[in-house]
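Undergrad: Okay, sequence plus prediction incoming.
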Amino acid sequence: MLMPDDADSTRDFIENLREATDHELRDIRAQVQESLQNLRFRTASGQIDDPKRIRKYRKAIARINTILRERELGINQPS
């Protein structure tokens, strides 16, 4: 599965998300949410080396939610 840290750039990550199906997006979102929770636990215990990853994961969840909502409303659909 695609994770925010795996992509070369944010643009690549978003393009890959847009190519995914709704079911795949929901699966990716669940995995990112789980990883975010683990990052928060590791941050609380002082084990995380890059605290910016939390923000990156939160933004990834928001981007996935935005794409799902756009599809639900029929916005930005290819012609």
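TA: Done, it's in.
Undergrad: Closest to the centroid, which residue in this structure?
TA: In the chain, the residue lying closest to the centroid (CA atoms, centre = their mean) is residue 60, at 2.9 Å.
Undergrad: list the contacts for it?
TA: 3-4, 13, 32 (CB atoms under 8 Å, 6 or more residues apart in numbering). Quick note: C-beta positions are derived from backbone N, CA and C, even for glycine.
Undergrad: Between those, identify the one with the most neighbours.
TA: With neighbours taken as other CB atoms under 10 Å, the top of the contacts of residue 60 is residue 32, carrying 22 neighbours.
Undergrad: Quick check: it touching residue 59?
TA: No. At 9.9 Å, residue 32 does not count as touching residue 59 under the criterion of CB atoms under 8 Å.
Undergrad: and residue 20, backbone torsions?
TA: Here is the backbone geometry of residue 20 (degrees, to the nearest 10): phi -80, psi 150.
Undergrad: hang on, the earlier thing: show only the entries of the contacts of residue 60 found in helices.
TA: Applying DSSP state H to the contacts of residue 60, the entries found in helices are 13, 32.
Undergrad: Closest to residue 70 out of the contacts of residue 60?
TA: For the contacts of residue 60, the minimum distance to residue 70 (CB to CB) is 16.1 Å, reached by residue 13.
Undergrad: what about the closest one, distance to residue 22?
TA: Noted for residue 13: a distance of 17 Å to residue 22, by CB to CB, to the nearest Å.
Undergrad: now residue 11
TA: In terms of CB to CB, residue 11 sits 21 Å off from residue 22.
Undergrad: anything in contact with each of residue 32 and residue 59?
TA: Common neighbours of residue 32 and residue 59 (CB under 8 Å, 6+ apart) are residue 4.
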